[in-house]
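> predicted coordinates and the sequence they were generated for:
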Amino acid sequence: MKVIKLDAIDSTNDFLKGLSQTQNMENFTIVTANSQTKGKGQMGSSWQTERGKNLITSILIRDTLTSIEGIFVLNIAVALAIIGALKKYKIPHLFIKWPNDIMAENKKIAGILIENSIKENGRIDSIVGIGLNVNQTNFENLPKASSLKNHMNLDFDIESLLESIVSEIQTNVEKIRNNETEFLWKKYTANLFRKDSPTVFEDQNSIKFMGLIQRVNSDGKLEILLEDDSVKQFGIKEVTMIY
Ligand code: BTN
């Protein structure tokens, strides 16, 4: 496994994407950085982290997904890998907030950004970007963000966390390759943040409503049981959870 350790970079995802497009990189090539100047988050947002305090990494996963439909499963595999690795450190109260935020109690401690590109042979290369807040304690203007240190009152070794996470990702990716995705789906559903708890949501028109998260369907859409007993499906841009 090749690990490229950088001090500062614009974005580890962009760096690894550039490398993978110009060179024949090994599967599971890993890039880490102490800091990013243009860290990217989901849906065009930015990802800010304090220098040297957190895990900033991108991992190249090739020849695992064979269709666009499989993309959500890779998100599940990575989210569960982070949860699995953190559970080995005996970290309690971890959840996955749909689609793939990692929560400690009701605060976000990690985010995942997977960028896929389809090659000429139809295979998909995925750049799996992970930002895990480890030893940072100050999250000014980010009231819903936290870190392992804030959650546990302990410092953590960033490199060994990376090793544990990569090993769990390899196990879960093997499951995707062997078509054993049912297990991943079940575990994902079991770890969903606020599943079956009455929750306030807001739709695209800023209308608030109550509902219960039931599950995530195979397209990655969130299924919510509404007050009139109907079940509605929402895509990622169609609903926000208020918590
Ligand atoms: C999110 O918005 O929740 C996803 C955040 C993903 C951040 C990571 S940090 C390493 C990698 N490089 C990036 O530019 N983004 C991802």
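All right, it came through fine.

> from here on, contacts and neighbour counts on C-alpha atoms
Fine.

> can you give me the strands in the chain?
Applying DSSP state E to the chain gives strands spanning 3-9, 30-36, 55-62, 94-97, 101-104, 107-118, 124-132, 198-203, 208-216, 222-226, 231-234, 239-242.

> could you pick out the residues of the chain near the ligand for me?
Counting by CA under 6 Å from any ligand atom, the residues of the chain close to the ligand are 11-13, 39-42, 47, 56-58, 101, 111-113, 129-131.

> from the residues you listed, which would you call buried?
Buried subset of those (neighbour count, 16 or more other CA atoms under 10 Å): 11-13, 39-41, 47, 56-58, 101, 111-113, 129-131.

> go through whichever helix in the chain runs longest and flag the buried ones.
When the chain is parsed with DSSP state H, its longest helix is helix 158-177. Judged by neighbour count (16+ other CA under 10 Å), helix 158-177 contains these buried residues: 158, 161-162, 164-166, 168-170, 172-173, 175-176.

> need those in a markdown table with pLDDT and distance to Asp219, can you?
Formatted as a markdown table, these follow (pLDDT from 0 to 100; distance: CA to CA, whole Å):
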| residue | pLDDT | distance to Asp219 |
| --- | --- | --- |
| Ile158 | 98 | 33 |
| Leu161 | 98 | 30 |
| Leu162 | 98 | 29 |
| Ser164 | 98 | 29 |
| Ile165 | 98 | 25 |
| Val166 | 98 | 25 |
| Glu168 | 98 | 24 |
| Ile169 | 98 | 21 |
| Gln170 | 98 | 23 |
| Asn172 | 97 | 19 |
| Val173 | 97 | 19 |
| Lys175 | 96 | 19 |
| Ile176 | 95 | 16 |
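
> what's near enough to touch Phe193?
Phe193 makes contact with 95-98, 103, according to CA atoms under 8 Å, 6 or more residues apart in numbering.

> centroid-nearest residue for this protein?
Ile112 (2.9 Å; CA atoms, centre = their mean).

> not counting sequence-adjacent ones, nearest residue to that residue?
Nearest residue to Ile112, sequence neighbours excluded (CA to CA, 6 or more residues apart in numbering): Ile130, at 4.7 Å.
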